[in-house]
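In: just a sequence and a predicted model for now, questions to come.
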Amino acid sequence: MTDECISIKYDICGKDKTGILMMGRDKLDAQPTGREKCAGGENNLIGSNGNIDDASAGLNKYTAYMPTERHASEYNMNHKNRGLALIFNHEYFDIPSLKSRQGTNVDCEKLGAALKKLDFQVDIYKDCKLREILKYVDKAASQDHTDNDCIAVAILSHGEHGYLYAKDVQYKLDTIWHYFSAHTCPTLAGKPKLFFIQACQGDHFDPGVLMRKTETDGETSMSYKIPVHADFLIAYSTIPGFYSWRNTTNGSWFMQSLVDELNANGKKHDILTLLTFVNQRVAVDFESCVPDCPIMHQQKQIPCITTMLTRILRFTDKPSKGA
């Protein structure tokens, strides 16, 4: 697959509310493989730098402050601070086979602004090598999050078959998120840890389907254990094995939809409701328009949510700083 194959006018549904066509090109957040498939050998350059299963041994020695009542239906979002939001934005790569990700800076800027509106402290890192990513992640995980509600991490990059790309090498997501597990970062234990991933997960296309209109038991205790990997949520821009689309002018379909939903309803709906409507926006409002490359023409996309949350998460209002 070549870049020429993706030269287009723009997404067929890419119109704003006034009906003005928005210019740009749709791209794929993936390394071209030449094995693109319409119907739905990993490279082992680097894997996880920490075996989670091995790290689970002897967990009984780990304790953490209980941020929420044992059977509370919602997370405690009344701490002093909302928490950190780390955005790793990748536009250029040292890997020759990876094209630059035009449009990603639009995603990054708009996502950062949306998270700030939800009271996150946003830190943005651009075109980091893996060692730099791990340094920033380790620094964040080493902080005291006692007064924070949660943490969010967004990664905007190329990806394929379970791997994401840093500027210099590929890696698996658990390389990042295991830093924030309960035994590694106890001040985030029992608190939401949110990951938003804009990247391909494979080399399949989704042509879509045309829709036609028709007529335990009640043990109580003051303390309790939770799984080490509880309270994570990972929202992927696409399902495993499939491409993810990005517009060179307006940003990726997933990030556009996520930002719009956070801005419109971020403090109204719980996170799973928000992400359900993000799925709807991506599924209904976008379709690729690449008439010069039939295999890429009129393709669809659906995000994928992996949740280990144990309670309802709402971004409730924070008191004003002057109060």
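Out: Perfect, thanks for sending it.
In: what stretches of this structure score poorly on pLDDT?
Out: Confidence mapping of the chain against pLDDT under 70 gives the ranges 1-24, 31-62, 213-222, 321-323.
In: just the strands in it please.
Out: According to DSSP state E, the chain carries its strands in the segments 26-28, 84-89, 121-126, 151-156, 159-160, 163-165, 170-172, 193-198, 232-236, 245-247, 251-252, 304-307.
In: name the helices or strands packed onto the fourth one?
Out: For strand 151-156, the helices and strands in contact under the criterion 3 or more C-beta pairs under 8 Å, 6 or more residues apart in numbering; DSSP states H and E are strand 84-89, helix 104-117, helix 174-177, strand 193-198. (C-beta placed from N, C-alpha, C; glycine too.)
In: that strand pairs with which strands?
Out: With DSSP bridges as the test, strand 151-156 is paired with strand 84-89 (parallel), strand 193-198 (parallel).
In: what residues does the last one touch?
Out: Looking back up the chat, that one is strand 193-198. Around strand 193-198, the neighbours that count as contacts under C-beta atoms under 8 Å, 6 or more residues apart in numbering are 29, 104, 107, 111, 150-157, 159, 164, 173, 176-177, 180, 231-237, 244, 246, 252, 254-255, 258, 271.
In: mind redoing it with 7 Å?
Out: Residues outside strand 193-198 that contact it (C-beta atoms under 7 Å, 6 or more residues apart in numbering): 29, 107, 150-156, 173, 177, 180, 231-237, 244, 252, 254-255, 258.
In: could you do stretch 246-265 as well?
Out: Residues contacting stretch 246-265 (C-beta under 7 Å, 6+ apart): 11, 14, 22-27, 29, 101-103, 106-107, 110-111, 114, 117-118, 196, 198, 237, 244-245, 274, 277-278, 281-282, 286, 301, 303.
In: let me have the strands of the chain in CSV, adding distance to residue 68 and mean neighbour count as columns.
Out: CSV is the format used below for the strands of the chain (distance: least, C-beta to C-beta, whole Å; neighbours: other C-beta atoms under 10 Å):
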stretch, distance to residue 68, mean neighbour count
strand 26-28, 40, 25
strand 84-89, 19, 23
strand 121-126, 21, 15
strand 151-156, 15, 24
strand 159-160, 33, 24
strand 163-165, 31, 25
strand 170-172, 30, 20
strand 193-198, 14, 25
strand 232-236, 15, 20
strand 245-247, 37, 28
strand 251-252, 33, 27
strand 304-307, 17, 15
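In: rebuild those strands as JSON lines, extending it with distance to residue 138.
Out: Converted to JSON lines, the strands of the chain look like this (distance: least, C-beta to C-beta, whole Å):
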{"stretch": "strand 26-28", "distance to residue 138": "31"}
{"stretch": "strand 84-89", "distance to residue 138": "11"}
{"stretch": "strand 121-126", "distance to residue 138": "13"}
{"stretch": "strand 151-156", "distance to residue 138": "13"}
{"stretch": "strand 159-160", "distance to residue 138": "22"}
{"stretch": "strand 163-165", "distance to residue 138": "17"}
{"stretch": "strand 170-172", "distance to residue 138": "14"}
{"stretch": "strand 193-198", "distance to residue 138": "15"}
{"stretch": "strand 232-236", "distance to residue 138": "18"}
{"stretch": "strand 245-247", "distance to residue 138": "29"}
{"stretch": "strand 251-252", "distance to residue 138": "27"}
{"stretch": "strand 304-307", "distance to residue 138": "23"}
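In: understood, closing this out.
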